[in-house]
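**Student:** Provide a 3D model corresponding to the input given below.
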Amino acid sequence: MKIMNHMDYEFTNPTDQELSDYSGFMCNPDNEYNCNKCPERCSGTNDYGLPCGQQQCWVTAHCR
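**Tutor:** Numbers count the residues shown, from 1 in each chain. Presented below is the predicted three-dimensional model:
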């Protein structure tokens, strides 16, 4: 999956397929902590332990 930061929509126009892939990944609880495939994996620093720089997994947050 393409690396796509959650703020990309402000700078680019992702295709409908890219948005669908992003939502499909983020809203699937089976993807929790699947950092190697997460589209947010390179959007931050490792300051908090996750490759995206967050304290909590993006998928966990989306699934709540």
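
**Student:** and the gap between Glu18 and Gly53?
**Tutor:** Going from Glu18 to Gly53 by CB to CB, to the nearest Å gives 21 Å. Placement of C-beta: from N, CA and C, glycine included.

**Student:** repeat that for Leu19.
**Tutor:** 22 Å.

**Student:** in this structure, what helix or strand scores lowest on average pLDDT?
**Tutor:** helix 16-26 (a mean of 91; mean pLDDT, DSSP states H and E).

**Student:** so where's this protein shaky on pLDDT?
**Tutor:** The model of the chain has pLDDT under 70 over residues 1-11, 43-48.

**Student:** name the residue closest to the centre of it, please.
**Tutor:** Central residue of the chain (CA atoms, centre = their mean): Glu40, 3.4 Å from the mean position.

**Student:** doesn't Gln56 make contact with that one?
**Tutor:** No. Using CB atoms under 8 Å, Glu40 is not in contact with Gln56; the gap is 11.6 Å.

**Student:** what's the local residue count around Thr15?
**Tutor:** 10 (other CB atoms under 10 Å).

**Student:** list the contacts for it?
**Tutor:** If a contact means CB atoms under 8 Å, 6 or more residues apart in numbering, then Thr15 has no contacts.

**Student:** numbering from 30 from now on, please.
**Tutor:** That works, and once the first residue is 30, the last one we named lands at Thr44.

**Student:** give me the distance between it and Asp50.
**Tutor:** Taking CB to CB, one finds Thr44 at 9 Å from Asp50.

**Student:** end-to-end on stretch 54-62?
**Tutor:** By CA to CA, to the nearest Å, the extent of stretch 54-62 from end to end equals 11 Å.

**Student:** flag every buried residue along it.
**Tutor:** 54-55, 60 (16 or more other CB atoms under 10 Å).

**Student:** can you give the contact residues for it?
**Tutor:** 30, 66-68, 86-89, 91-92.
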